[in-house]
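Q: okay, predicted coordinates and the sequence, questions at the end:
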Amino acid sequence: MDYALKNKKNAGTEFTQDMMAALAADLAELAITEALKKAGVATVKLGNALTFIGILLSSSDIADVRYLRN
């Protein structure tokens, strides 16, 4: 976007096309950033769920071992 603003010598269609191209690039970058944020949040939630399942499984294994010893 900065490029289009600095080079506004041609204030006609070329400037408008530069602005539109810069805006499209900015929007694409924003969309990618937001998608990566959402993927990161989903990954953290999945990791938390797997950790919780692992804790449940390990605690049930401990309970089974204690039961077998008695």
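A: Cool, the structure landed. Numbering: from 1, shown residues only.

Q: tell me which element residue 42 falls in.
A: Element membership for residue 42 (DSSP states H and E) is helix 13-69.

Q: elements contacting that helix?
A: Where contact means 3 or more Cβ pairs under 8 Å, 6 or more residues apart in numbering; DSSP states H and E, helix 13-69 is packed against helix 2-6. Every C-beta, even on glycine, is put in place using the N, C-alpha and C of the backbone.

Q: could you report the neighbour count for residue 38?
A: Other residues near residue 38 come to 10 when the count uses other Cβ atoms under 10 Å.

Q: same question but for residue 21, I mixed them up
A: Using other Cβ under 10 Å as the criterion, the residues surrounding residue 21 number 13.

Q: how far away is it from residue 31?
A: The gap separating residue 21 from residue 31 is 16 Å, by Cβ to Cβ, to the nearest Å.

Q: ok, residue 18 next?
A: Residue 18 sits 20 Å away from residue 31 when distances are taken as Cβ to Cβ.

Q: looking at these two, which is more packed in?
A: In this view residue 18 and residue 31 are compared by other Cβ under 10 Å, and residue 18 has more residues nearby, 18 against 10.

Q: looking at that one now. What's its pLDDT?
A: According to the predicted model, the pLDDT of residue 18 comes to 80.

Q: kindly report the same for residue 25.
A: Looking at residue 25, its pLDDT reads 91.

Q: so where's the chain uncertain?
A: Judged by pLDDT under 70, the chain has its weakly predicted residues at 1-15, 60-70.

Q: one more time with 90, if that's ok
A: Applying pLDDT under 90 to the chain flags the ranges 1-23, 52-70.
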